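Student: Below are the sequence and a predicted model; questions follow.
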Amino acid sequence: MSRNTKDNILYNALELFNTRGESEVTLRDIASACEMSLGNLAYHYKNKSYIISALFRNMLEERKQVLRKVKELPRFQTLNDQLEPLIDLNYKYRFFYLDSTNIERNHPTIGRLQGRYAKFLINYVHSAMEYTVATENMKPERIKGHYIKVAEICWTLFNFSIERTRVLEGTNHVNSKELRLMLWNVIYPLLTEKGFKTLRKVLVQDLESIQ
């Protein structure tokens, strides 16, 4: 199925942003990749900020579809199953994470949207943790406010996983199994015996695959 003009612009812009970095790509580069005139491209998207905003909205919508299943019942199995498509989604839109500083500086409106969405995700993780406490799979907080900080740590590991892999391993490709286990390792010490046994059963295939 062929893409319409706007979708084609976004597709090529995403490819260029991911491979060259957002700050290194001009509207003319995107127009050239789309085999269209600069004027025609500007008719659809006035400047790069409009394109980046459209890509950001697409990313949010795709992520919402993944998170919908988790929201229904945030059990360990559901959470673990949905981590992989979320990791894939991060890679699909990786320039948002690799170029976050430039985007915040050059496109402040988008930077603010990223900030608001980061807070949403942190609260989302925190809500899942509260559910886990309520089902006696996680110990109650010993210090008030501790678990929101744990949620921030999980968000940081997840959000900057591509940058971490690039620095430590020289690649933008994140090993999804290793990242999932890294995130669960943050949670392990907080689990009850019941929660620990349940999570071990969920992760048995991941643990075997990297041994």
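Tutor: Done, it's in. Here the structure is a predicted model, which means the values were calculated and not measured.
Student: if I read this right, Asn80 contacts Arg200, doesn't it?
Tutor: No - counting by Cβ atoms under 8 Å, Asn80 stays clear of Arg200, with 11.7 Å between them. Bear in mind the C-beta positions are built from the backbone N, C-alpha and C, glycine included.
Student: With neighbour numbers in mind, choose between those two.
Tutor: More crowded of Asn80 and Arg200, by other Cβ atoms under 10 Å: Asn80, with 18 against 14.
Student: Only alpha carbons, please: show whichever strand or helix holds the more buried one as PDB.
Tutor: Assigned by DSSP states H and E, Asn80 belongs to helix 76-92. Extracted in PDB, the C-alpha atoms of helix 76-92 (Å, rounded to 0.1, in the frame of the first residue of the first chain):
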ATOM      1  CA  PHE A  76       4.400  -9.200  35.700                       C
ATOM      2  CA  GLN A  77       3.700 -11.300  32.600                       C
ATOM      3  CA  THR A  78       1.800  -8.500  30.900                       C
ATOM      4  CA  LEU A  79       4.500  -5.900  31.800                       C
ATOM      5  CA  ASN A  80       7.300  -8.100  30.600                       C
ATOM      6  CA  ASP A  81       5.500  -9.000  27.300                       C
ATOM      7  CA  GLN A  82       4.900  -5.300  26.500                       C
ATOM      8  CA  LEU A  83       8.500  -4.200  27.200                       C
ATOM      9  CA  GLU A  84       9.800  -5.600  23.900                       C
ATOM     10  CA  PRO A  85       7.400  -3.700  21.600                       C
ATOM     11  CA  LEU A  86       8.200  -0.600  23.700                       C
ATOM     12  CA  ILE A  87      11.900  -1.100  23.200                       C
ATOM     13  CA  ASP A  88      11.300  -1.600  19.500                       C
ATOM     14  CA  LEU A  89       9.300   1.600  19.400                       C
ATOM     15  CA  ASN A  90      12.200   3.500  21.100                       C
ATOM     16  CA  TYR A  91      14.500   2.200  18.400                       C
ATOM     17  CA  LYS A  92      12.100   3.200  15.600                       C
END
